[in-house]
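K.L.:
output the structure for:
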Amino acid sequence: MASETYTSVMSEERKMLQEAAREFAMQEVLPLANKLDPERGDMPRSLIDKMAELGYFGITIPEQYGGLGLGCFEYCLIAEELSRAWMSVGSIIARGNTFMGSQLLSDEQRAAIMPRVARGEYLGALALSEPGTGSDLASVSCRARRDGDEWVITGSKYWCTFADGADFIYLLARTSPEIDPARKHEGISAFIIDKPRGRFPAGIAGSPIPKIGYFGWKTWELAFDGYRVPASALIGPEGRAFAAFSRGLETYRAHTAARSIGLARGALEDAIKYAQERIQFAQPIASFQAVRFKLAQMATEIEAARQLNYHVCTQIDLGLRCDTEAAMTKLFASEMSERVCSQALQILGGAGYTTHHAVERYWRDARLTKIFEGTSEIQLKIISDRMLGKLPG
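P.N.:
Model (predicted):
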């Protein structure tokens with residue numbers, strides 16, 4: 001059945017797109033990842049430029065704006081291949097394809113901005129979470145106060161990846177002075193803050209967060225100290241950004257599922273190769289039934305996650321509601337990925353617990369997929385609420 005499902009959705013065009021992304025990932029991305037990740041180095045701008053030339057920042061952007069005009073399915077195909085090499089590279093393409101706030105742009109703003117995004121010339125960083133605000137994003141406290149023809153922004157943001165290398169920061173800030181606890185999602189506005197690539201302007205201070213993985217780019221804590229932006233930095237209606245942000249979450253979750261699958265694939269493929277080469281007791285460890293069963297189980301879980309995500313991507317591209325299914329694919333794929341990567345590390349044994357092999361990278365990054373884009377617990381809440389109804393209060 002899995003083979004039939006795969007055949008039914010994988011057109012020749014999609015197969016060609018997948019093969020091209022796989023070749024790029026294995027030849028261009030993987031060598032850099034193997035060198036730079038142990039050093040906690042950043043991906044070079046030259047790699048980002050190559051991705052831009054391939055159109056990877058404009059996969060889902062309409063052709064009228066210079067994008068490829070494809071769907072979530074193709075986006076996730078490419079994200080899986082890139083993440084198999086380095087999840088950070090599979091993640092950075094979201095800076096174009098899921099351009100946060102694009103639905104808030106006017107037609108004139110969209111025509112001016114989106115072609116630059118599709119070309120990889122105008123890439124952003126998201127300043128959403130705060131030191132005290134994570135999954136409960138409606139609780140943001142960073143403030144933006146109107147002062148004549150400007151907005152004055154004061155407050156802190158956390159988990160802002162790529163803030164240094166970005167061309168702009170997409171910021172959620174509270175513009176309403178009053179907060180109704182029952183409707184705290186109201187009064188939150190969105191801003192596009194242009195900045196010089198490679199540094200922060202005066203009024204914005206950044207400190208790198210000492211994270212344990214997801215290397216290839218830095219993740220920042222930002223402090224806005226009365227930072228002034230023109231009135232035009234506000235996008236969409238004042239105080240209505242939260243609802244717009246909430247739309248399109250299905251695509252974000254499918255993208256995380258694709259990245260999770262890519263990581264697990266990398267771990268499985270490396271484990272197979274190691275098991276065939278590692279000799280113990282005068283034979284390859286791939287000859288031991290326990291190892292063979294582990295590999296079979298890992299492959300089965302990866303394929304199950306892939307088929308579920310293909311289904312969700314198809315639903316998204318058809319414009320059908322799939323919030324529950326998107327939560328399921330994100331939950332299943334991320335939990336699967338950590339489990340598979342851990343099994344791969346076990347097959348490599350002591351060698352897997354070193355930075356000489358990429359499996360420890362896959363393992364570290366897979367753990368993160370259970371946290372970002374909504375924790376596994378958030379996904380379980382979405383699914384159970386749909387099955388049983390929401391709990392009161």
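
K.L.:
ok, now how distant is residue 176 from residue 263?
P.N.:
According to Cβ to Cβ, to the nearest Å, residue 176 stands 40 Å off from residue 263. C-beta coordinates here come from the backbone N, C-alpha and C atoms, glycine included.

K.L.:
those two: which is more packed in?
P.N.:
residue 263 (37 against 15; other Cβ atoms under 10 Å).

K.L.:
phi and psi next, for that one.
P.N.:
Main-chain dihedrals, residue 263, degrees, to the nearest 10: phi -60, psi -50.

K.L.:
which pLDDT value belongs to it?
P.N.:
pLDDT for residue 263: 98.

K.L.:
what about residue 178, neighbour count?
P.N.:
7.

K.L.:
contacting residues around the most centrally placed residue in the chain?
P.N.:
Most central in the chain under Cα atoms, centre = their mean is residue 91, positioned 4.3 Å from the mean C-alpha point. By Cβ atoms under 8 Å, 6 or more residues apart in numbering, residue 91 lies in contact with 79, 83, 161, 214, 259.

K.L.:
hmm, residue 114 is touching residue 103, no?
P.N.:
No - using Cβ atoms under 8 Å, residue 114 is not in contact with residue 103, being 11.7 Å away.

K.L.:
now do the strands in the stretch 1-150 of the chain.
P.N.:
Using DSSP state E, counting those that start in this stretch, the strands assigned to the stretch 1-150 of the chain run over residues 124-127, 143-147, 150-161.

K.L.:
and of these, who's closest to residue 233?
P.N.:
Each of these has some distance to residue 233 by Cβ to Cβ; the shortest is strand 150-161, at 6.3 Å.

K.L.:
run through the bridge partners of the closest residue in space to residue 200 that isn't next to it in sequence.
P.N.:
With Cβ to Cβ, 6 or more residues apart in numbering as the criterion, residue 200 has its nearest non-adjacent residue at 5.1 Å, and that residue is residue 206. According to DSSP bridges, the residues that bridge with residue 206 are residue 222.

K.L.:
how is the chain partitioned into domains?
P.N.:
Domain segmentation of the chain under automatic domain parsing yields 2-118, 124-239, 245-388.

K.L.:
which SSE is immediately downstream of the strand or helix carrying residue 362?
P.N.:
Using DSSP states H and E, residue 362 falls within helix 359-369. Sequence-wise, the next helix or strand downstream of helix 359-369 (DSSP H and E) is helix 376-388.
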